[in-house]
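Trainee: Structure for the following, please:
(2 chains)
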Amino acid sequence: MPDSSVPALLELDSVSKSFGRVVVAEGLSLTVGEADFVGMVGPNGAGKTSLFGLIAGDISPDAGSIRLGGAQVNRLSSAARCRVGIGRTYQVPRPFGGMTVYENVLVAAQQGGRLRRRASYAFAAEALEVAGLAAEANRPAGTLGLLQRKRLEMARALATRPKLLLLDEVAGGLTDPEVAQLVQIVTSIRAGGVAIIWIEHVVRALTGSVDRLLCLAGGRFVADGGPADVLANPTVREVFLGTEVSTSLPGQSAGGQPDQEQA
Amino acid sequence: MIWVNDIVQGVLLGGLYALFACGLSLMFGVMKVINLAHGDLAVVAAYLAAGLVTVLHMPTALSILVSIPLFAIIGYVLWRTVLQASLNRSVLTTLLVTFGMSIVIENALQQFFSANSRSLSIGALATDHFNVGSQITVGYLDLAILIAAVVVLLGLQLFLSRTRQGRLIRAVADDREAAQLAGADYRHIFGIAAAIAFGTVAVAGTAYGVYTTFDPTTGTTQLLLLFAFEAVVIGGLGSLWGTLVGGILLGVVQDIGAQISTADLLLAGQLFFLLVLVIRPQGITGSRRTA
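Mentor: Sure, this is the predicted structure:
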């Protein structure tokens, strides 16, 4: 996958992190290329959301390096990482409730996306269009239902013009037709050339779309490869499929992670 | 008719309270921080204005052109150094730090300017007035302060609702972590909000120095912080229009209390404040949603 002459989009090199005695990342190394579409599965507490925290800058690693496009980003704040191209959604959507849907996305386009005036207005509108929220543009974001909030979460991340988009549990808590709609949005974002890493408990949502699947358990990758191979892997079946129901499980992943587990 | 005059005077006094309260209201609304040094900072602004008038021979009213930007810079720097660091620990730490600042400021002012009280001169405007009917007297200065309060609050409201920076401030006030993920550095944006709040303190302090005399301890002895705080709470925490309404109501109630007997000025204000807390804790304009 990675072309050796060009630095990969994202490179993690032996990244480790523990909270007290809880190890959430143990020497994790990972390379993701431009426009790769990677799924990530793993049992609760495997460290999936923490890994996103490490990449996006909410959590600083104890050891190891994180590079985006060859440049080390370890010391950048989460806001600065967003501006260099790392977009992220939260598992539980966190819209700016007092602002309109459009304003939510506009903030992202102007700050993360570094666009000004007309360019930002147009790009924010486009992000809403992609997420299927154009009709709700002037509603206060606090009044949206769960599906719409998830759409807004994606639109806001998309508006930051990411090179790499980290999606955390897009499908949790939704019905099958709703999941299908969101998968379609993810696919169209990916068609725009954005690399995606997607954590999902609803494995069905992943298998039909991603090119590569990672399985994380106990802060280590236990499998990495094509989705069918990974799901057939005996270790994966044991740590993940054996203990988890692969169909819709609302919300919750990853216990033992101090960041953003809020209702 | 005498009551009508009391209400008019109360409204005018309320303008001063509202002007004082808007910086407090903004900092609470955005950062959820109560700045206990607010009143003392206003006194510093009054001394600064006195210095500008004496040294640079500036007209008092124009001194705010210097003191606003200076206070804004102080606000930004103070936020990025001391206040943000204290907020990272806990809200209680911020209270203690600003309380400490209040003591430091009062003592430093005593050291440099002695305990003598002074005032800012604004010429004939200080006493000029016009009459409405036979009973109502409106001082030009009082009216100017009320207008300044309305202009500052209106300006802030427009800034927050219409501009890019204002939108960012609202986003960060709403959820600072989510704002980080949208690419907005909350520490910088909080700093900007602190700069604006301090800028309004410069206006309020100068207005107070013109309105009456001040000395190094005025910030606490004249209950400036308390009145500003009451205006914010009566109006509704975090709401700028509420702050104007709260300031004016407090002024009116105090003036009516003073009519009953001079000593009742404070009592009436405090009782009204307690009444609002009991009957409508979210404030006059506040919604039930917590700020």
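
Trainee: what stretches of the chain score poorly on pLDDT?
Mentor: Let's take chain A. Applying pLDDT under 70 to chain A picks out residues A:1-5, A:241-263.

Trainee: meant chain B actually
Mentor: For chain B (pLDDT under 70), the answer is B:1, B:287-291.

Trainee: elements contacting the helix ranked longest in it?
Mentor: In chain B, assigned by DSSP state H, the helix with the most residues is helix B:2-31. In this structure, helix B:2-31 packs against helix B:38-56, strand B:136-139, helix B:140-162, helix B:164-174, helix B:186-211, helix B:224-235, helix B:240-260, with contacts taken as 3 or more CB pairs under 8 Å, 6 or more residues apart in numbering or on different chains; DSSP states H and E. Just so you know, the C-beta spots here come from the backbone N, C-alpha and C atoms, and that holds for glycine as well.

Trainee: buried ones in it?
Mentor: B:5-6, B:8-31 (16 or more other CB atoms under 10 Å in any protein chain shown).

Trainee: got it, and stretch B:79-91?
Mentor: B:79, B:80, B:83, B:84, B:86, B:87.

Trainee: for residue A:174, helix, strand, or coil?
Mentor: Following DSSP: H, G, I helix; E, B strand; the rest coil, the label given to residue A:174 is coil.

Trainee: Residue numbers of chain A in contact with chain B?
Mentor: Applying CB under 8 Å from any CB of the partner chain, we find that chain A lies next to chain B at A:56-58, A:77-80, A:82-83, A:87-88, A:90, A:94-99, A:103-104, A:106-108, A:110-114, A:156-157, A:159-160, A:260.

Trainee: neighbours around the residue nearest to residue A:188 when sequence neighbours are not counted, how many?
Mentor: Distances taken as CB to CB, 6 or more residues apart in numbering or on different chains put residue A:130 closest to residue A:188, at 5.9 Å, once the chain neighbours are dropped. Close neighbours of residue A:130, defined as other CB atoms under 10 Å in any protein chain shown, add up to 18.

Trainee: And for residue A:184?
Mentor: Count around residue A:184 with other CB under 10 Å applied: 12.

Trainee: what does residue B:251 give?
Mentor: Residue B:251 - counted by other CB under 10 Å - has 25 other residues nearby.

Trainee: my read: it touches residue B:14, true?
Mentor: Yes: using CB atoms under 8 Å, residue B:251 makes contact with residue B:14 at a distance of 2.9 Å.

Trainee: Enumerate every residue touching whichever residue of chain B sits closest to chain A.
Mentor: Closest contact between chain B and chain A, by CB to the nearest CB, is at residue B:183 (2.7 Å). Taking CB atoms under 8 Å, 6 or more residues apart in numbering or on different chains as the contact definition, residue B:183 lies against A:79, A:82, A:83, A:108, A:111, A:112, A:113, A:114, A:160.

Trainee: how about CSV for those residues, with secondary structure and neighbour count added?
Mentor: Output for the contacts of residue B:183, formatted as CSV (DSSP: H, G, I helix; E, B strand; the rest coil; neighbours: other CB atoms under 10 Å in any protein chain shown):
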residue, secondary structure, neighbour count
A:79, helix, 22
A:82, helix, 30
A:83, helix, 19
A:108, helix, 33
A:111, coil, 27
A:112, coil, 29
A:113, coil, 26
A:114, coil, 15
A:160, coil, 28
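
Trainee: got these as TSV, with distance to residue B:43 columns?
Mentor: TSV is the format used below for these (distance: CB to CB, whole Å):
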residue	distance to residue B:43
A:79	36
A:82	41
A:83	41
A:108	42
A:111	37
A:112	42
A:113	44
A:114	42
A:160	44
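
Trainee: Could you work out the most separated pair of the residues you listed?
Mentor: A:79 and A:113 (12.6 Å; CB to CB).

Trainee: Just to check, residue A:207 is in contact with residue A:227?
Mentor: Yes: in this structure, residue A:207 is within contact of residue A:227 by CB under 8 Å, at 4.8 Å.

Trainee: Pull up the overlap in contacts between these two.
Mentor: With CB under 8 Å, 6+ apart, residue A:207 and residue A:227 have common neighbours A:39, A:213.

Trainee: does residue 34 sit in a helix, a strand or a coil?
Mentor: Chain wasn't specified; assuming chain A. Quick answer, by three-state DSSP: residue A:34 is coil.

Trainee: right idea, wrong chain: chain B
Mentor: With three-state DSSP as the criterion, residue B:34 reads coil.

Trainee: That one and residue B:276: what is the separation?
Mentor: Using CB to CB, to the nearest Å, residue B:34 is found at 17 Å from residue B:276.

Trainee: who's in contact with the residue of chain A found nearest chain B?
Mentor: Using CB to the nearest CB, residue A:112 is the residue of chain A that sits closest to chain B, at 2.7 Å. By CB under 8 Å, 6+ apart, the contact set of residue A:112 is A:79, A:82, A:83, A:87, A:159, A:160, A:161, A:162, B:181, B:182, B:183, B:184.

Trainee: Nearest to residue B:153 among the residues you listed?
Mentor: Nearest to residue B:153 among these, with distances taken as CB to CB, is residue B:184, at 24.7 Å.

Trainee: Next, that closest one: phi, psi?
Mentor: phi -100, psi 120 (degrees, to the nearest 10).

Trainee: Grab the nearest non-local neighbour of it.
Mentor: residue A:111 is the one closest to residue B:184 (CB to CB, 6+ apart), at 4.3 Å.

Trainee: Kind regards, and thank you for your time.
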